[in-house]
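>>> Need the 3D shape of this:
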Amino acid sequence: QVQLVESGGGSVQAGGSLRLSCVASGYARSAACMGWLRQAPGKGRTWVASIYAGSGRTEYADSVKGRFTVSQDNAKITLYLQMNSLKPEDTAMYYCAAGALMGSGCGYRYWGQGTQVAVSS
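Next comes the predicted model:
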């Protein structure tokens, strides 16, 4: 059974920081790749960041590059997203996801329930 449980969301002013966590169980702990996606109100879900288990390679959407950092503990149990210099446009529901390699990227197959982030100006 796969389970991904996010936490750490909340409300913050622009320029502030938050750290999201995602505890993984089952298949998710051996997934080839994990990452974060987000969905703003009235918009579709968009990719934020990925981390690849074998190489430790990370990738980021241009909109968060230099501000967000994705990481994973050595036991591959917890995935993190450190978010700095937050902007109002970062307001969204953030989802943790796990998947398999697909080409040069990650094909996400499993999702958490999400944690809400609200950034005020």
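
>>> mind listing what's buried in stretch 88-100?
For stretch 88-100, the neighbour count (16 or more other C-beta atoms under 10 Å) marks D90, T91, A92, M93, Y94, Y95, C96, A97, A98, G99 as buried. No exception for glycine: its C-beta is placed from N, CA and C like everyone else's.

>>> Report the beta-bridge partners for the residue nearest to the fifth one when sequence neighbours are not counted.
Just to be clear, that refers to Y94. With C-beta to C-beta, 6 or more residues apart in numbering as the criterion, Y94 has its nearest non-adjacent residue at 4.9 Å, and that residue is R38. With DSSP bridges as the criterion, R38 is bridged to T46, Y94.

>>> which residues touch R38?
By C-beta atoms under 8 Å, 6 or more residues apart in numbering, the contact set of R38 is R45, T46, V48, D90, A92, M93, Y94, Y95, V117.

>>> With G107 instead?
Here G107 is in contact with G99, A100, L101 (C-beta under 8 Å, 6+ apart).

>>> Using the three-state scheme, assign it.
G107 falls in the strand class when you classify it by DSSP: H, G, I helix; E, B strand; the rest coil.

>>> ditto for the one 10 residues further on
Secondary structure, three-state DSSP: V117 is strand.

>>> which residue sits closest to the spatially most central residue of the chain, ignoring its sequence neighbours?
In the chain, the residue lying closest to the centroid (C-alpha atoms, centre = their mean) is W36, at 2.2 Å. Once flanking residues are discounted, W36 sits nearest to V48: 4.4 Å by C-beta to C-beta, 6+ apart.
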